[in-house]
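A.B. asks: I would like to see how this sequence folds:
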Amino acid sequence: MHIKDLLNLKGKVIVVTGGSGLYGKCLVEGMAEAGGTVITTSRNLQSAEKTAALFQSRSLDVRSMELDQSDPGSVKQFAADLKEKYERLDVFVNNAVSRPMKGYNGPLEQFAESMRVNATGMVDLLRTMIENIIASGGGSVISISSMMGMKGPDLSNYEGTDMGDLPPDYFFHNAGLINLSRYLAKIHAGKNIRFNCISPGGLFNHQPQAFLDNYCKKVPLGRMANNDDIKGLAVLLASDAGAYINGENILMDGGLNA
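C.D. replies: Coordinates of the predicted model:
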């Protein structure tokens, strides 16, 4: 196949959870620019509709649907509506996340709430979307983790800022997500479905200048990630160009951890 055909997502139905977030919008944009029919989801339907409208104004095929991954009833209804409206699912981008815990000493109730959404709810949604992809003949599941799921924090990055109180659920969740993807790749062997993770480093979001200086001087490329950096990698993993990539966690950090 020609490389343009390998990377073409035309005809593929793609669900991106958390599509209104910082990386979510990048992921929705990349999949739609590659020709896919992209459904962006949020527990707040108006948020999803606003994101879809943003890309529809550029003639990209982006739709919106309501989904709360912490609610089993919402997951079940979403799966039913998806099947009725689109009849298939080719790619699931597992991107939605909740951050109720704000620091190390946050109440355990906050940690429990994080696990309810980011672990229990996510597994419920994953199993449902996997079932739909297999029933459609196969496809790809892409989970968005973090380099913080692979290593402990470099606290020197936060010197001169008030950003250093890092919540443990973030590290717990992202590390688990990486190995869960490997598990799923093995469990579903022979079913024409692939499971991979992307673990980004820091994304520029107008952080304090002290943090930017501390962080970027350690990155061989000299900068944080921008909005375009994740798009090509996500499209690769969703498309036939990535057909032999399975069970991988790809570190996207500009060389920070080299």
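
A.B. asks: list the buried ones in the biggest strand by length in the chain?
C.D. replies: Secondary structure of the chain read by DSSP state E shows that its longest strand is strand 193-200. If you call a residue buried by 16 or more other CB atoms under 10 Å, then strand 193-200 has these buried ones: 193-200. For the C-beta atoms, the positions are set from N, CA and C on the backbone; glycine is no exception.

A.B. asks: ok, stretch 224-234 next?
C.D. replies: Result for stretch 224-234 [16+ other CB under 10 Å]: buried residues 224-225, 229-231, 233-234.

A.B. asks: got TSV for those, with distance to residue 103 and secondary structure too?
C.D. replies: Compiled in TSV, the buried residues of stretch 224-234 are given as follows (distance: CB to CB, whole Å; DSSP: H, G, I helix; E, B strand; the rest coil):
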residue	distance to residue 103	secondary structure
224	22	coil
225	24	strand
229	28	helix
230	27	helix
231	32	helix
233	31	helix
234	30	helix
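
A.B. asks: farthest pair within the residues you listed?
C.D. replies: Using CB to CB, the buried residues of stretch 224-234 reach their maximum pairwise distance at 224 and 234, which is 17.8 Å.

A.B. asks: before we move on, back to that, ok, of the buried residues of strand 193-200, which one's closest to residue 60?
C.D. replies: residue 198 (21.1 Å).

A.B. asks: now do that closest one, the pLDDT please.
C.D. replies: Listed pLDDT for residue 198 reads 98.

A.B. asks: again, but for residue 101
C.D. replies: For residue 101, the predicted pLDDT is 95.

A.B. asks: separation between the closest residue to residue 243 other than its chain neighbours and residue 217?
C.D. replies: Once flanking residues are discounted, residue 243 sits nearest to residue 194: 7.6 Å by CB to CB, 6 or more residues apart in numbering. Applying CB to CB, to the nearest Å, the value for residue 194 to residue 217 is 36 Å.

A.B. asks: you'd agree residue 153 is up against residue 166?
C.D. replies: Yes: assessed by CB atoms under 8 Å, residue 153 is found in contact with residue 166 at 5.4 Å.
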